[in-house]
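Student: My questions are about this predicted structure, shown below with the sequence.
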There are 2 protein chains.
Amino acid sequence: MGKSVQHLRINGDRLWKSIMDIAEIGPGQHGGSSRLALTEEDRQARDLFVKWCKNEACSVSIDDMGNIFARRPGTEDTKLPICAGSHLDTQPHGGRFDGIYGVLAALEVVRTLNENSIRTRAPIEIVDWTNEEGSRFAPAMIASGVYAGLFDKQYAWAQEDVKGITLLDALRDIGYLGQEPCGAHSLGALFEAHIEQGPVLEEAEDQIGIVTGGQGVKWFDITVSGQDSHSGTTPMPNRKDALVAASEIVGMLNRLALDNSPHALATVGCLNVSPGSRNTIPGSVHFSVDLRHPEDEGLNRLEQAMKKNLHDISERQGMDIHLEPIWHNPPVKFDPDCIDAVREASDRLGLRARKMISGAGHDACQVCRVMPTAMIFVPCLDGLSHNEAEYAKPEDLAAGCNVLLHAMLKVAGVDT
Amino acid sequence: MGKSVQHLRINGDRLWKSIMDIAEIGPGQHGGSSRLALTEEDRQARDLFVKWCKNEACSVSIDDMGNIFARRPGTEDTKLPICAGSHLDTQPHGGRFDGIYGVLAALEVVRTLNENSIRTRAPIEIVDWTNEEGSRFAPAMIASGVYAGLFDKQYAWAQEDVKGITLLDALRDIGYLGQEPCGAHSLGALFEAHIEQGPVLEEAEDQIGIVTGGQGVKWFDITVSGQDSHSGTTPMPNRKDALVAASEIVGMLNRLALDNSPHALATVGCLNVSPGSRNTIPGSVHFSVDLRHPEDEGLNRLEQAMKKNLHDISERQGMDIHLEPIWHNPPVKFDPDCIDAVREASDRLGLRARKMISGAGHDACQVCRVMPTAMIFVPCLDGLSHNEAEYAKPEDLAAGCNVLLHAMLKVAGVDT
């Protein structure tokens, strides 16, 4: 890489302004964003993004899952493109950075290359993946999932929002049902820059997370079956209080994860009590379990320990506890060369960086199954995300974008 | 009491048939009853009950809370009437016996007196209290509460159902807004026969509960405030999981009551988790607490122990725990002479009886503040109530009704 390229830097102010411009489309009530996938707001954000890409002389193609690819040619244009991106859709009460940053950081890379007349050997592409959040159409990361062969396209098209509108109709409605079959658009590598959505970088005062993979996730539903009865007339020893048993399970899962820190995570996020009356002992409690671990073996150990403890609690409390597996997403490892490109770029830029695992799911965690992939994390305030108060500092966003620039240049090659 | 009166027995088959006849009005989907207060179904049940009372030559008066009093004159008719009754309304998925038994047992007493030409000194009355269940209009026992001076009548009239219909309009709509001011209808004593709604009599194989009072109740709402965050990106030690703290509280309350068995009861019946998303750590949990104890002092001890434990959990978990008192119903003691009349009647009839406290609230627990009162419990299957599967054996219902007959005769006096 020539000296001029080594000193190349993105324009942090321009990046920030682009993020703020997109945030004006579908603003939230409290300073964040509310731009659900394939809505009119998403269409406007896509249109603006496509306009910006065309302004940079990129050719734009859209696949039949609505994924947008914007291409800047390389000097060896038959090489597979080196791509970066993320998603423009948000949670209903989402932030301005989750996803958007990754798309616009890739655009900023292209703008920087253009204004400095840098020619890469492999083409450079920017991607916007459809419906990453899963807030409008379940499951999350559906379009990158179809791209990676994890979901069937017919299944994805048939998913309905709460009003019964299918994903396919929503694509048509906003004019983003492309011709290219999803998955046919070949790429040489994918980078995704993203806010961390957790507190690790901020607490460590690091600027860059060199993301080496994504942790595995197992989701379960648990139903505890006790016996409804009157709170005033049922002696304590006669009760089969499903909430007492469920509470013991919540505590058990929390201790299990704490005992296996720092890698294990366990969360009960939803819990419904039936019949839910102030003076009736709950006869039934239904709740979710989210187990995570960066290693397959660790995830299995957590699951086995949970099952043994559930059995013991069921015996002791004399209540039936039904465990139903809902979803299993195995851990993924990113590509060593792509990870190395991120590490080298961080080193060259003199940034404080740490290797880490992605705690959340990302499009990169889907696509990494079919191509070399890595991610770059930047800190966000208080680790807060999926919240309108989500915030990342302009200088951290710029630092991550510079890492993206240099990692992409490394992998794409520069024609000096 | 003369020999003929000592051998007087009610007609168990007639009592059972009357209960089944009322159960045909507003039948539930699963063999129970769905006859909410002041609905068309309640009107039909009231009309049938009034017709039956008039067939027994009773004079019927209705007060301005819709309470129905049916009077059988005494030979000393200026004496205050000795009354028995309960309520004809049910839960939405209620049983055929809760309340109804008490009203129709009182009617069966009058029928038995009539067919045997027994004359009592004091008049005998039957009462149907309005809206005991509280399912349509909150709070429960509202009309007996107004009668006893515990609630203001204007407040009670203004209560609205889910459709916004006031209790006053509902009384008018079904033609049961009477002229007599609620509470002005003086009584000498009140007996209420009722199914136990708990498992104590059935487990002890006793037939009669001689109810000596009602336990005290304190209701609270608790809100635990933690911090919403992502289940995949928030390390275990960084979490402020409101559900983990709430679960610890549920377990603490259960242990507290068990440690103070058999008198103390503690129940969490409602619990809501916010935001309630599978992959978000709950930032807030809101739940109800129902504490009961037969003694004021015991109830206060429970409350103090709860508060101390909440303070400790709040400190340890680093989360705010807000406790809000919702309702306090102090313990009540029934009248020694009325209790004695029930005990004597049970003894004379050779029934297996035990003294006990009422775990649930009843109209008798309101009215006992202004007149001599007692209750008679009979066993119900598996202690089940507020459930369509609620069941009581005909022979137990008949036994309880015979106790009611003889207790009333004792207090009213027989003109031999």
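Tutor: Nice, I can see it.
Student: do the helix or strand harbouring A:Glu192 and chain B meet at all?
Tutor: Element membership for A:Glu192 (DSSP states H and E) is strand A:189-195. No - on the criterion Cβ under 8 Å from any Cβ of the partner chain, strand A:189-195 is out of touch with chain B, staying 9.9 Å away. Any C-beta I mention is one placed from the backbone N, CA and C, and that applies to glycine too.
Student: Show the average pLDDT along that strand.
Tutor: Average pLDDT, strand A:189-195: 98.
Student: ok, that strand: who's next to it in the sheet?
Tutor: Sheet partners assigned to strand A:189-195 using DSSP bridges are listed as strand A:82-86 (parallel), strand A:373-378 (parallel).
Student: any chance of those in JSON lines, plus mean neighbour count and mean pLDDT?
Tutor: Output for those, formatted as JSON lines (neighbours: other Cβ atoms under 10 Å in any protein chain shown; pLDDT from 0 to 100):
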{"stretch": "strand A:82-86", "mean neighbour count": "28", "mean pLDDT": "98"}
{"stretch": "strand A:373-378", "mean neighbour count": "28", "mean pLDDT": "98"}
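Student: Between those strands, which one is closest to A:Gly31.
Tutor: Closest approach to A:Gly31 among those (Cβ to Cβ): strand A:373-378, 19.4 Å.
Student: by contact count, what packs against the first helix or strand past the closest one going along the chain?
Tutor: Remark: after strand A:373-378, the chain's next helix or strand is helix A:394-412, criterion DSSP H and E. Counting contacts by 3 or more Cβ pairs under 8 Å, 6 or more residues apart in numbering or on different chains; DSSP states H and E, helix A:394-412 packs against helix A:12-23, strand A:82-86, helix A:100-115, strand A:189-195, strand A:208-214, helix A:336-349, strand A:373-378.
Student: Mind doing that once more with 6 Å?
Tutor: If you count contacts as 3 or more Cβ pairs under 6 Å, 6 or more residues apart in numbering or on different chains; DSSP states H and E, helix A:394-412 packs onto helix A:12-23, strand A:82-86, helix A:100-115, strand A:189-195, helix A:336-349, strand A:373-378.
Student: Strand A:82-86 and that helix, what's the angle between them?
Tutor: Going by axes from the mean of the first three to the mean of the last three Cα atoms, to 10 degrees, helix A:394-412 is angled at 150 degrees with respect to strand A:82-86.
Student: Not counting helix A:394-412 itself, show me its contacts.
Tutor: Identification of contacts with helix A:394-412 by Cβ atoms under 6 Å, 6 or more residues apart in numbering or on different chains yields A:9-10, A:12, A:15-16, A:82, A:84, A:105, A:108-109, A:120, A:122, A:189, A:191, A:193, A:207-208, A:341-342, A:345-346, A:349, A:351, A:376, A:378-379.
Student: Which ChimeraX command selects the buried ones in those?
Tutor: Buried members of the contacts of helix A:394-412, identified by 16 or more other Cβ atoms under 10 Å in any protein chain shown, are gathered into one ChimeraX selection as follows:
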select /A:10,12,15,16,82,84,105,108,109,120,122,189,191,193,207,208,341,342,345,346,349,351,376,378,379
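Student: and A:Ser34, how many neighbours does it have?
Tutor: 18 (other Cβ atoms under 10 Å in any protein chain shown).
Student: Chain B contacts on chain A?
Tutor: Counting by Cβ under 6 Å from any Cβ of the partner chain, chain A comes close to chain B at A:197-199, A:230-236, A:238, A:243-244, A:247, A:250-251, A:254, A:257-258, A:261-262, A:267-271, A:273, A:276-281, A:288, A:290, A:292, A:359-360, A:385.
Student: Among these, which ones are in helices?
Tutor: Members of the residues of chain A next to chain B lying in helices (criterion: DSSP state H): A:243-244, A:247, A:250-251, A:254, A:257-258.
Student: what's the closest of the residues you listed to A:Pro336?
Tutor: Closest to A:Pro336, out of all of those and judged by Cβ to Cβ, is A:Ala257, at 29.2 Å.
Student: from the stretch 201-350 of chain A, which residue is nearest to chain B?
Tutor: In the stretch 201-350 of chain A, no residue comes nearer to chain B than A:Thr233, which is 3.0 Å away by Cβ to the nearest Cβ.
Student: Using the three-state scheme, assign A:His286.
Tutor: Under DSSP: H, G, I helix; E, B strand; the rest coil, the three-state class of A:His286 is strand.
Student: Wait, it touches A:Val273, no?
Tutor: No - using Cβ atoms under 6 Å, A:His286 makes no contact with A:Val273, being 8.4 Å away.
Student: neighbour count winner among the two?
Tutor: A:Val273 (24 against 18).
Student: show me what contacts the more buried one?
Tutor: Counting by Cβ under 6 Å, 6+ apart, A:Val273 makes contact with A:243, A:282, A:285, B:271.
Student: top of these by neighbour count?
Tutor: Compared across these, A:Pro282 has the highest neighbour count, 31 neighbours, by other Cβ under 10 Å.
Student: Give me the pLDDT value at the residue in the stretch 51-200 of chain A positioned nearest to chain B.
Tutor: In the stretch 51-200 of chain A, the residue that lies nearest chain B is A:Gly198 (3.0 Å; Cβ to the nearest Cβ). What the model reports for A:Gly198 is a pLDDT of 93.
Student: which ones are touching it?
Tutor: With contacts defined as Cβ under 6 Å, 6+ apart, the neighbours of A:Gly198 are A:359, A:383, B:233-234.
Student: give me the residue from the stretch 301-416 of chain A nearest chain B.
Tutor: For the stretch 301-416 of chain A, Cβ to the nearest Cβ, closest residue to chain B: A:Gly359, 3.5 Å.
Student: Hmm, that residue is touching B:Ser231, no?
Tutor: No - counting by Cβ under 6 Å, A:Gly359 does not reach B:Ser231; the two are 8.2 Å apart.
Student: Now A:Arg354: closest residue in space that isn't a chain neighbour?
Tutor: Take A:Arg354 and drop its neighbours on the chain: the residue closest to it by Cβ to Cβ, 6 or more residues apart in numbering or on different chains is A:Asp206, 4.8 Å away.
Student: Am I right that that neighbour sits in a strand?
Tutor: No - counting by three-state DSSP, one finds A:Asp206 to be coil, located in no strand.
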